[in-house]
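Student: Sequence and predicted structure, then a few things I'm wondering about:
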Amino acid sequence: MPIQTLSKAQPSRRQLITGTAAWLAAVPLAGLSQTARPLKVVIGFPAGGPLDLHARLLAERLEAVLGQNVIVDYKPGAGGTVGAQEVMKSPADGNTLLLANTGTMVINPALYTRLPYQTLRDFVPVARTAMQPLALLVNPNVPAKTLKEFKAYVAARPGQVNYGSAGNGGISHLVPEMFKTATGLFMVHIPYRGSAPAFTDLMGGQVQFMAESIPQAATYHKQGKVRALAVTSRERNPALPDVPTVIEAGIKGFEVVGFYGFLAAAGTPAATVKRLSDAFGTVLGTPAIRERMTTQGADPAYLASEPFARFIESELPKWAEAVRKSGAKLD
């Protein structure tokens, strides 16, 4: 099927990408039989982002395992809240799933005082599929080649070092706040409207420090436009094999990693949840899927429904404390 255009004028590259994403969202991802109802995956963020890439990576193999078409539906707004509400109100039959991240499920409950959902009351966790570490980056003009040197650099300049983030209360804001708490350092937070402008200013030197996803960090670190000092996972990341972990760099116990996972509306039958959870386990056991996921900057990290629920329960207080210490509130 050709992509439809609304104008005879030559479309821009951005228009082509946006049009392609919209067209893909409107049709099943593979030509399976239409006898089974499609599985709708709701994402609370715009098309083209990390969650979208994650959904599409898993979809084809998931369709084969379940025997259902998979359709991705974007409901962006309020840090994933709009999409979460969509799934919360959907029939509890397992045909609508939320693909959520750390922000939607464990940061938002602490960030919004009038959040319209409670994570473990209004949803049943189906499967955790990935963990997403970040890299701690500096502008190349900062004369620090290691995290230890950067700590000394900041300590000698209290209040003079800025860090950028994609906005108040997001993971790129809270990870540096956790770093500040762990080290006793003081840096000034500069929130932006999204990751792209923050990263641009990091490369330009308007901010000196940032926590960013591995794919972007690795690309620009290798080009010398930023310098990666450490990664926030317990183990080194294959995309940055020469960059130590924060723990290796001397900050004991510092492991801060985001997650991706699928959830259904509360009340979904246990047998349906198990069928879906087992399907994700099969998909995540595919070597090609695991390899491609790693190149996208996410670590394959399957958890079945009940362990995933326990994981979320353990994450909620950790991120609530980070939000409290940051002072971030969005309503």
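Tutor: Received it, and whenever you're ready, just let me know what you need.

Student: Tell me the gap between the strand ranked longest in the chain and the middle of its chain.
Tutor: Secondary structure of the chain per DSSP state E: the longest strand is strand 123-132. On the basis of CA atoms, centre = their mean, to the nearest Å, strand 123-132 is displaced by 12 Å from the centre of the chain it belongs to.

Student: strands paired with it, and their directions?
Tutor: Partner strands for strand 123-132, per DSSP bridges, with pairing direction: strand 258-265 (antiparallel), strand 299-303 (antiparallel).

Student: Now it: average pLDDT?
Tutor: Strand 123-132 shows a mean pLDDT of 97.

Student: got a markdown table for the strands paired with strand 123-132, with mean neighbour count, mean pLDDT and distance to residue 72 too?
Tutor: In short, each C-beta sits where N, CA and C put it, glycine included. Formatted as a markdown table, the entries for the strands paired with strand 123-132 read as follows, by neighbours: other CB atoms under 10 Å; pLDDT from 0 to 100; distance: least, CB to CB, whole Å:
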| stretch | mean neighbour count | mean pLDDT | distance to residue 72 |
| --- | --- | --- | --- |
| strand 258-265 | 25 | 97 | 12 |
| strand 299-303 | 19 | 95 | 20 |
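
Student: any chance of the ones you listed in a markdown table, plus distance to residue 323?
Tutor: As requested, those are arranged in a markdown table below (distance: least, CB to CB, whole Å):
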| stretch | distance to residue 323 |
| --- | --- |
| strand 258-265 | 14 |
| strand 299-303 | 23 |
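
Student: closest to residue 170 out of these?
Tutor: Closest approach to residue 170 among those (CB to CB): strand 258-265, 10.0 Å.

Student: Could you look up the next helix or strand downstream of that closest one?
Tutor: In the C-terminal direction, the helix or strand that comes right after strand 258-265 (DSSP states H and E) is helix 270-284.

Student: Could you check that following helix and say which residues are buried?
Tutor: 272-273, 276-277, 279-280, 282-284 (16 or more other CB atoms under 10 Å).

Student: One more: stretch 45-60?
Tutor: Residues 45, 47, 50-59 are the ones in stretch 45-60 that count as buried (16+ other CB under 10 Å).

Student: The closest residue to residue 203 other than its chain neighbours: neighbour count?
Tutor: Nearest in space to residue 203, with sequence neighbours left out and distances taken as CB to CB, 6 or more residues apart in numbering, is residue 225 at 4.9 Å. Here the count is done by other CB atoms under 10 Å, and residue 225 has 15 residues near it.

Student: Contact partners for the residue most central in space within the chain?
Tutor: Residue closest to the average C-alpha location in the chain (CA atoms, centre = their mean): residue 101, at 5.1 Å. Residue 101 sits next to 50-51, 80, 132, 258-261 when contact means CB atoms under 8 Å, 6 or more residues apart in numbering.

Student: can you do 6 Å?
Tutor: With contact set as CB atoms under 6 Å, 6 or more residues apart in numbering, residue 101 has these partners: 258, 260.

Student: what do you get for residue 228?
Tutor: With contacts taken as CB under 6 Å, 6+ apart, residue 228 has the following neighbours: 135, 137, 217, 221, 240, 243.

Student: cutoff 8 Å now
Tutor: 135-137, 217-218, 221, 240, 243.

Student: And the furthest pair within those residues?
Tutor: Pairwise distances across the contacts of residue 228 peak at 13.0 Å for 136 and 218 (criterion: CB to CB).

Student: for the residue nearest to residue 203, helix, strand, or coil?
Tutor: coil (DSSP: H, G, I helix; E, B strand; the rest coil).

Student: List the buried residues of the longest helix along the chain.
Tutor: Counting residues, the longest helix found in the chain (DSSP state H) is helix 305-326. Buried positions in helix 305-326, judged by neighbour count with 16+ other CB under 10 Å: 305, 308-309, 311-312, 315-316, 319, 322-323, 326.

Student: What is the subsequent helix or strand relative to the helix-or-strand element of the chain with minimal mean pLDDT?
Tutor: Every helix and strand in the chain was compared by mean pLDDT, DSSP states H and E; the lowest is helix 13-26, with a mean of 42. Beyond helix 13-26 on the C-terminal side, the first helix or strand identified by DSSP H and E is strand 39-43.

Student: Using CSV, list the CA coordinates for the longest helix of the chain.
Tutor: Presented in CSV, the C-alpha positions along helix 305-326 are these (Å, rounded to 0.1, in the frame of the first residue of the first chain):
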residue,chain,number,x,y,z
SER,A,305,3.5,-11.2,35.7
GLU,A,306,4.0,-11.8,39.4
PRO,A,307,7.7,-11.1,39.6
PHE,A,308,7.1,-7.9,37.5
ALA,A,309,4.4,-6.8,40.0
ARG,A,310,6.9,-7.3,42.9
PHE,A,311,9.5,-5.4,40.9
ILE,A,312,7.2,-2.4,40.4
GLU,A,313,6.3,-2.5,44.1
SER,A,314,9.9,-2.3,45.0
GLU,A,315,10.6,0.6,42.5
LEU,A,316,7.7,2.8,43.7
PRO,A,317,9.3,4.0,47.0
LYS,A,318,12.8,4.4,45.4
TRP,A,319,11.5,6.8,42.8
ALA,A,320,9.1,8.5,45.2
GLU,A,321,12.1,9.4,47.4
ALA,A,322,14.0,10.7,44.4
VAL,A,323,11.0,12.9,43.4
ARG,A,324,10.7,14.2,47.0
LYS,A,325,14.3,15.1,47.2
SER,A,326,14.2,16.9,43.8
